[in-house]
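Participant: Sequence unavailable; structure follows:
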C-alpha cells in the first residue's frame, strides 16, 4: 500500500541510508501461489485478499542474509534480517516481465514477485541481473 505514497528515489534513499549501498536491493510485492490466492479469496474475504496481495517490500541481499522491510506510508521502519543459515530453500523463477523469488525461512514459505516494469520498479531488472550473477551475495 505504501507504493502510493513513496517514490523510487525515497526507496533508494532508505536503502542507501541503511546499507550505504544501492546495488543489492529489489522492490518486490508479496506473491501468493494460486492455491493460497483462492483460499484467501473464498475463506477470508475479498477485501483482505486485495490488501494482502498488494503488500510491497524492499529486499536487500547481503552476505549475512536477506534484509526485508515493508513499504508503508513512511519509511521509518527498520529492516529485519533473514540470515542465509535460516533459509532452507531459495528458488528464483524468471518470467517475461517479472521474476518470482520463493524461499523457506525457518520452515515458512515466503514468495515475492519482482516486477521489471513500472515506475516504482525502476532499475529492478538491472539490479536483479547483477544479484543473480553474484549468486545473491550468498556465501555458503
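Facilitator: Cool, the structure landed. Note that the coordinates shown come from a computational prediction; the quantities given were computed from them, not determined experimentally.
Participant: Which positions in stretch 101-119 come out as buried?
Facilitator: Buried residues in stretch 101-119, counted by 16 or more other CB atoms under 10 Å: 101, 103, 105, 110-116. In this view, the C-beta of every residue, glycine as well, is placed from N, C-alpha and C.
Participant: my bad, should have said stretch 77-87
Facilitator: 79, 82, 84, 87.
Participant: Please narrow those residues to those residing in helices.
Facilitator: Judged by DSSP state H, helices contain none of those.
Participant: Which members of the buried residues of stretch 101-119 are the farthest-apart pair?
Facilitator: Farthest pair in the buried residues of stretch 101-119 (CB to CB) is 105 and 116. Separation: 24.1 Å.
Participant: Just give the number of residues close to the closest residue to residue 12 other than its chain neighbours.
Facilitator: Computed as CB to CB, 6 or more residues apart in numbering, the closest residue to residue 12 that is not its neighbour in sequence is residue 22, at 5.5 Å. Using other CB atoms under 10 Å, the number of residues around residue 22 comes to 14.
Participant: and residue 22, what is it in contact with?
Facilitator: By CB atoms under 8 Å, 6 or more residues apart in numbering, the contact set of residue 22 is 12, 15-16.
Participant: Helix or strand: which one has residue 11?
Facilitator: If you go by DSSP states H and E, residue 11 is part of helix 8-19.
Participant: buried residues in whichever helix or strand comes after that helix?
Facilitator: Once helix 8-19 ends, the next helix or strand along the chain (criterion: DSSP H and E) is strand 25-30. Judged by neighbour count using 16+ other CB under 10 Å, the buried positions of strand 25-30 are 25-29.
Participant: which of those lies closest to residue 121?
Facilitator: residue 27 (5.8 Å).
Participant: if we can go back for a sec, Serialize the buried residues of stretch 77-87 to TSV and add fields for distance to residue 55 and pLDDT.
Facilitator: Shown next, in TSV, are those (distance: CB to CB, whole Å; pLDDT from 0 to 100):
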residue	distance to residue 55	pLDDT
79	16	94
82	16	97
84	23	97
87	20	96
